[in-house]
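> Sequence plus predicted model, see below.
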Amino acid sequence: MAIAYRQFIVKILIFTIIVFTIASALFSTVLNMWYFAAYPYQILLIALVTTISHLWILKAAGQNTRRFTTAFMASVTLKLMVYLTFMLIYLLIDHSQIIPFALTFITFYISFTIFEVVQVLNYIKKHSKISL
């Protein structure tokens, strides 16, 4: 299990660096007029929350189907609550960047969610007794 944790942390660090690099390149060229200073914080928050929830899901996947399902649904719910809270707080502080903030957040959220789901499915196929 510890190996799977380390492998995921390395993979998400690489993925986060790639997403950050692409976002930085886009904001410095094509999307220059939509640049806002908080996009790195969006990436960091989503990467951190995704890592925590994924490790929780991996732990539950090693036990049984019921715990895995509960952990997965709870992690999705908690992630959405954390993300909505972050979005509301930021938009209350700086409401001048609503559209760029929302669009980039949704893009990052979808990217990291797809990444996490692929990683969970790969782990379950290789290591778990849970049937898909």
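Cool, got the structure.
> pLDDT weak spots in the protein?
1, 128-132 (pLDDT under 70).
> If we use 80, what do you get?
Residues of the chain meeting the criterion pLDDT under 80: 1, 127-132.
> Next, Q63: phi, psi?
Backbone torsions of Q63, given as degrees, to the nearest 10, read phi -100, psi -80.
> Just give me the neighbour total for it.
By other CB atoms under 10 Å, 13 other residues sit near Q63. Any C-beta I mention is one placed from the backbone N, CA and C, and that applies to glycine too.
> what element comes up after whichever strand or helix holds M81 heading to the C-terminus?
Using DSSP states H and E, M81 maps to helix 65-93. Counting by DSSP H and E, the next helix or strand C-terminal to helix 65-93 is helix 98-127.
> buried sites along that following helix?
100-101, 104-105, 108-109, 111-112, 115-116, 119-120, 123-124 (16 or more other CB atoms under 10 Å).
> How about stretch 51-64?
Buried residues in stretch 51-64 (16+ other CB under 10 Å): T51, S53, H54, L55, I57, L58, A60, A61, G62.
> got TSV for those residues, with secondary structure too?
Listed next are those as TSV, based on DSSP: H, G, I helix; E, B strand; the rest coil:
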residue	secondary structure
T51	helix
S53	helix
H54	helix
L55	helix
I57	helix
L58	helix
A60	helix
A61	helix
G62	coil
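> List just the nearest of those to L91.
S53 (23.2 Å; CB to CB).
> That closest one reaches E116, doesn't it?
Yes. S53 is within contact range of E116, at 7.4 Å (criterion: CB atoms under 8 Å).
> Tell me which other helices or strands the helix holding M81 touches.
helix 39-61, helix 98-127 (3 or more CB pairs under 8 Å, 6 or more residues apart in numbering; DSSP states H and E).
> can you redo these as CSV with distance to V82?
Shown next, in CSV, are the helices and strands packed on helix 65-93 (distance: least, CB to CB, whole Å):
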stretch, distance to V82
helix 39-61, 6
helix 98-127, 11
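> For A23, find the nearest of the ones you listed.
Evaluated over these, closeness to A23 peaks at helix 39-61, with 6.0 Å, by CB to CB.
> count of residues packed around A47?
Neighbour number of A47 under other CB under 10 Å is 20.
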